[in-house]
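Asker: with the sequence up front, the predicted model follows.
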Number of protein chains: 2
Amino acid sequence: MNCRIILVRPHFAANVGAAARVLRNLGASELVLIAPAADPRDPEARRLAAHAGDVLDRCRVVADLGEAAGDCVFVAGTSARVGGLMRRQSVGTPEEVLARLADAMTAGPTALVFGPEADGLTTEETSRCHWLIHIPADPVYPVLNLAQAVAVCLYELRRQWLRRQENPLTPLPQGERGESTAPAPFVEQERMFAHLRESLEQIHFLWDDKADALMHVLRHLIGRAGPTLMEVGVLEGLARQIRWYVAHHPPTEKGG
Amino acid sequence: MNCRIILVRPHFAANVGAAARVLRNLGASELVLIAPAADPRDPEARRLAAHAGDVLDRCRVVADLGEAAGDCVFVAGTSARVGGLMRRQSVGTPEEVLARLADAMTAGPTALVFGPEADGLTTEETSRCHWLIHIPADPVYPVLNLAQAVAVCLYELRRQWLRRQENPLTPLPQGERGESTAPAPFVEQERMFAHLRESLEQIHFLWDDKADALMHVLRHLIGRAGPTLMEVGVLEGLARQIRWYVAHHPPTEKGG
């Protein structure tokens, strides 16, 4: 994804490392630090980056936002506060703002800017962002950890980006032998239900005037799940096995 | 939000603490730990929980998933792997699965289950979840840190939940005789599946090394539909009838 993650004056090396891991996990890779107090080569950063040490190796350290995002066509900042001057700014949820950022990614580099742990971006910094993202957190304690905020925003951006790839978010999972997860054709379901009904009559689960109602419940339950061909096959196997059992253990005078 | 966060055998106290903070940030508050290696009273957990120490104070420690989620109407697990048996299970993106969970929250308690850091949920554990969530991460390094996975899922759940607060759903439709259409509690479903399994073993539908895989298919077909109490009762009746039939038509030398 053509989006740079910019951390402004991050204080804790652990947060820089954890953020690097999230970048790699969610398909971003360009990390820029503005005047960091934390050293990206700190062992704690390494430890939390886990298998994303390369993101730390390649991260750039710069002096200010102009240097970090000068070439970007779209810069979004994050803020837990939405008062004061920010009221005059374009503020939106991650979904609203990152949909715009995902559109902009096709036009050129973009950036997502996160402020320092303790006090967030300054008014001067937020005013330089095109949009501000406000994560709709619980008002009781709305301040996410820095790396968690990066995770939430990158997840949302990736969601928007994948949607635009016109790949379905995840390809429909395939069964072990490549079966589709699409519901089985109606005719296959009908045949299975007929066999199931026959077998359930043979063990006297369905009988008398309750048979239709009970069968209706089973049909409705299974139909609601949209059974796949594989699943219809398993239910066919169950019906067959019940018929087999009855054929080999026929009703006696006493029990039948 | 009526959703319990369950961490299965978490290893690192820091992750438990960071998860507690995310719960508080994103509007969840009930944390349950299953057989944790990490101590929620560890100072490292406290430090990372920041202002969410109360979530740690009130977290429950239990022995297994049945105890943790017995009363839940919807249980979603998370998995970075989607191979093997899981291919037969209902898997979706956070958006797909958590939209369903947000709907289910109006019917009763729900749970989101996260596996241990190193190896995730066991096959037995995932097979007990109604749905599995697969975060569409970058295939190069798809494994998110535990607390980051919690953050991503709770962000998505909160997004879905807030959307529903704006557009409240029409009340859940009632069955013909006024029965609820809410899914039956997890514990009732579990009891029924245990009885169903026992009965299917008696007619030799389940046997040998295929038993687990076949039972898995049935569980997930039925689980996906979210069976109501009435439907669970019908399936209990079916299991009982099969056992009755077998008891009255016992295997003979020839047929059994």
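Answerer: Sure thing, it's come through.
Asker: in what helix or strand does the closest residue to residue A:147 other than its chain neighbours lie?
Answerer: Nearest in space to residue A:147, with sequence neighbours left out and distances taken as Cβ to Cβ, 6 or more residues apart in numbering or on different chains, is residue A:18 at 3.6 Å. Glycine gets a C-beta too; all of them are placed from N, C-alpha and C. Using DSSP states H and E, residue A:18 maps to helix A:13-25.
Asker: check which helices and strands the helix or strand that comes right after that helix sits against.
Answerer: Next in sequence after helix A:13-25, counting helices and strands by DSSP H and E, comes strand A:31-34. Judged by 3 or more Cβ pairs under 8 Å, 6 or more residues apart in numbering or on different chains; DSSP states H and E, the packing partners of strand A:31-34 are strand A:3-8, helix A:13-25, strand A:60-62, helix A:65-69.
Asker: among the ones you listed, which is the most enclosed?
Answerer: Highest mean neighbour count of the helices and strands packed on strand A:31-34: helix A:13-25, a mean of 27 (counted as mean count of other Cβ atoms under 10 Å in any protein chain shown).
Asker: next, residue A:75: phi, psi?
Answerer: Dihedral angles of residue A:75 (phi, psi; degrees, to the nearest 10) stand at phi -130, psi 120.
Asker: and what of residue A:111?
Answerer: Note on residue A:111: backbone dihedrals following degrees, to the nearest 10 are phi -140, psi 150.
Asker: surely it is in contact with residue A:71?
Answerer: No: in this structure residue A:111 lies outside contact range of residue A:71 using Cβ atoms under 8 Å: 9.2 Å.
Asker: which one's more surrounded, these two?
Answerer: residue A:111 (24 against 9; other Cβ atoms under 10 Å in any protein chain shown).
Asker: next, the angle from the helix holding residue A:18 to helix B:13-25.
Answerer: When axes from the mean of the first three to the mean of the last three Cα atoms, to 10 degrees is applied, the directions of helix A:13-25 and helix B:13-25 differ by 80 degrees.
Asker: only alpha carbons, please: show helix A:13-25 as PDB.
Answerer: C-alpha atoms of helix A:13-25 as PDB (Å, rounded to 0.1, in the frame of the first residue of the first chain):
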ATOM      1  CA  ALA A  13      11.100   2.300  21.800                       C
ATOM      2  CA  ALA A  14       8.600  -0.500  22.500                       C
ATOM      3  CA  ASN A  15       5.900   1.400  20.700                       C
ATOM      4  CA  VAL A  16       8.100   2.000  17.700                       C
ATOM      5  CA  GLY A  17       8.900  -1.700  17.500                       C
ATOM      6  CA  ALA A  18       5.300  -2.700  17.900                       C
ATOM      7  CA  ALA A  19       4.300  -0.200  15.200                       C
ATOM      8  CA  ALA A  20       6.900  -1.600  12.900                       C
ATOM      9  CA  ARG A  21       5.400  -5.100  13.300                       C
ATOM     10  CA  VAL A  22       1.900  -3.800  12.600                       C
ATOM     11  CA  LEU A  23       3.100  -2.100   9.400                       C
ATOM     12  CA  ARG A  24       4.500  -5.400   8.100                       C
ATOM     13  CA  ASN A  25       1.400  -7.400   9.200                       C
END
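Asker: and that helix, what does it pack against?
Answerer: Here helix A:13-25 touches strand A:3-8, strand A:31-34, helix A:43-49, helix A:53-57, helix A:146-164, helix B:146-166, going by 3+ Cβ pairs under 8 Å, 6+ apart.
Asker: note down every partner strand of the shortest one and its orientation.
Answerer: Read that as strand A:31-34. If you go by DSSP bridges, strand A:31-34 pairs up with strand A:3-8 (parallel), strand A:60-62 (parallel).
Asker: now render those as JSON lines, adding mean pLDDT.
Answerer: Shown next, in JSON lines, are the strands paired with strand A:31-34 (pLDDT from 0 to 100):
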{"stretch": "strand A:3-8", "mean pLDDT": "97"}
{"stretch": "strand A:60-62", "mean pLDDT": "97"}
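Asker: now for the lowest-mean-pLDDT helix or strand in chain A, which elements pack on it?
Answerer: The weakest-scoring helix or strand in chain A, judged by mean pLDDT, DSSP states H and E, is helix A:123-127 (a mean of 83). Using 3+ Cβ pairs under 8 Å, 6+ apart as the contact test, no helix or strand touches helix A:123-127.
Asker: quick one: closest of the helices and strands packed on strand A:31-34 to residue B:195.
Answerer: Proximity to residue B:195 (Cβ to Cβ) singles out helix A:13-25 among these, at 41.9 Å.
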